[in-house]
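> one predicted model, sequence on top.
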Amino acid sequence: MQDDTRQGDLLVILRHAPHGSSWLKEGLDVALVAAAFDRRVTLLFMGEGITALLEGQQAGPLGQKGTAPTLAMLEMYDIDSLLVEKRGMEALGLSDEQFMLPVQGMDADRIAELLASHALVLNF
Amino acid sequence: MRYAILLLDAPYTSQAAHSALRFTRALLAKGHVVDGVFFYHDGVHNAARLAAPPQDEPHLVDAWTELAREHAVPLQVCIAAALRRGLLDEQEAARHGKQGCSVEPPFELTGLGQLVDLGLRCDRLITFGP
């Protein structure tokens, strides 16, 4: 994994849980498209968005695809900068052993740096 | 400055579409350049050609169209988000065997790559959402 606060093109902030709305899916779609066009992409999971990282998710009964398969593909798109809001993890009682991918925890100061160091920030 | 606008909510659902429209008009009045308005997530509903609000309410779809015609601001709609919500231009309607279309120019269906380009090209991208 590369330095977590490198200067990047695009920071996508994901704040919604995987099921119940299309926010997470449509946020990830932007990240994948940007990466496919050779942009450097950082993902920051905040609040309920952190639950997207939980291991063992299924698609659920609504006939949707779920977002876990998309997360599993991130490496293929060279999206390896996966960051998680520490405060959100604590609030939800989660630890990174429960996650399907390696992530780096960010405190509030580092998140402020991230916002400043990316040319474009999209919030989902 | 060069601005881009990203709208993520449907018209008449929240204030977002009204605010985006008024902010865009204010930018233009101040002499700024608006390189494009991008409609994503539920924002794609702003492109619904068939919207017919009561006559004594603001017509947001028409207002976007007027803005584009007056100031040559591109109105770009994410094609994937639009298609799954029933918003198809003539070409997509034909491709999917649907009668009639629900999106017409100046709205154009386009890819998410355009959103990223727009955001990186402009000095500021301002997001309006629920």
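The structure has been received and is ready for your questions. Numbers count the residues shown, from 1 in each chain, chains lettered A, B, ... in the order given.
> OK, contacts around the spatially closest residue to B:A10 that is not a sequence neighbour?
The shortest distance from B:A10 to any non-neighbouring residue, by CB to CB, 6 or more residues apart in numbering or on different chains, is to B:H45 (3.8 Å). (Each C-beta comes from the backbone N, C-alpha and C, glycine too.) Contact analysis of B:H45 by CB atoms under 8 Å, 6 or more residues apart in numbering or on different chains lists B:A10, B:P11, B:T13, B:R85, B:L87.
> which of those residues are buried?
Taking 16 or more other CB atoms under 10 Å in any protein chain shown as the criterion, what is buried in those is B:A10, B:P11, B:R85, B:L87.
> point out where chain A drops to low pLDDT.
Applying pLDDT under 70 to chain A picks out residues A:1-7.
> up against chain A, what does chain B have?
Applying CB under 8 Å from any CB of the partner chain, we find that chain B lies next to chain A at B:6, B:40-41, B:80-81, B:111-113, B:115-116, B:119-120, B:125, B:127, B:129.
> can you turn the buried subset of these into a selection I can paste into PyMOL?
Filtering the residues of chain B next to chain A down to the buried ones (16+ other CB under 10 Å) takes a single PyMOL command:
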select buried, chain B and resi 6+40+41+81+112+115+116+119+125+127+129
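> can you list which of the residues of chain B next to chain A are found in helices?
B:A80, B:A81, B:L112, B:G113, B:L115, B:V116, B:G119, B:L120 (DSSP state H).
> now the second one. Nearest residue, chain neighbours left out?
Nearest residue to B:A81 in three dimensions, chain neighbours excluded: B:V44, at 4.9 Å (CB to CB, 6+ apart).
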